[in-house]
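>>> this one's structure only:
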């Protein structure tokens, strides 16, 4: 009987210690958690234009990168390249995530230097500088 009670006490102490300990990776953020939190891929560490959208500007990113997004659709966006608006569409799932993440960013403080395309859409314009 004495051995049974001692075994129960030891097992309760070991079990309580295992429950109270924290996992080794409790402070780290998993990439899936960053996506769920609304952080665009690639921006969690460095900031700036999301990498998938930055590629749409061409080989070099302008000093002031303007992107106009149709709030009703996440599979296309207008980019201000060399003084004119260029439409890119047919985005894959990763690029759509980046476009949706632009909705959380503040709009451009002033209108772009070139008027927006004459399309019956209420564009959301974002500026990266």
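All right, it came through fine. Values in this document were obtained by computation on a predicted structure and should not be read as measured data.

>>> Check what pLDDT residue 121 gets.
Model confidence at residue 121, given as pLDDT, is 82.

>>> so how many other residues sit close to it?
The tally of other residues near residue 121 (other C-beta atoms under 10 Å) stands at 15. For every residue, glycine as well, the C-beta is placed using N, CA and C.

>>> okay but it is in contact with residue 70, surely?
Yes - judged on C-beta atoms under 8 Å, residue 121 makes contact with residue 70 at a distance of 4.9 Å.

>>> So which residues of this structure form strands?
Ranges of strands in the chain, per DSSP state E, are 65-69, 76-81, 84-89, 124-128.

>>> Include distance to residue 104, mean pLDDT and mean neighbour count when you put these into TSV, please.
Below are the strands of the chain laid out as TSV (distance: least, C-beta to C-beta, whole Å; pLDDT from 0 to 100; neighbours: other C-beta atoms under 10 Å):
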stretch	distance to residue 104	mean pLDDT	mean neighbour count
strand 65-69	12	94	22
strand 76-81	15	94	20
strand 84-89	21	94	13
strand 124-128	10	93	18
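
>>> of those strands, which approaches residue 54 most closely?
Checking these against residue 54 by C-beta to C-beta gives strand 65-69 as the closest, at 7.6 Å.

>>> what's residue 114 in contact with, if anything?
Residues in contact with residue 114 (C-beta atoms under 8 Å, 6 or more residues apart in numbering) are 80, 83-85.

>>> Check the residues you listed and tell me the two furthest apart.
For those, the maximum inter-member distance is 9.2 Å, found between 83 and 85 (C-beta to C-beta).

>>> ok, residue 61 to residue 68 distance?
Distance of residue 61 to residue 68, given as C-beta to C-beta, to the nearest Å: 16 Å.
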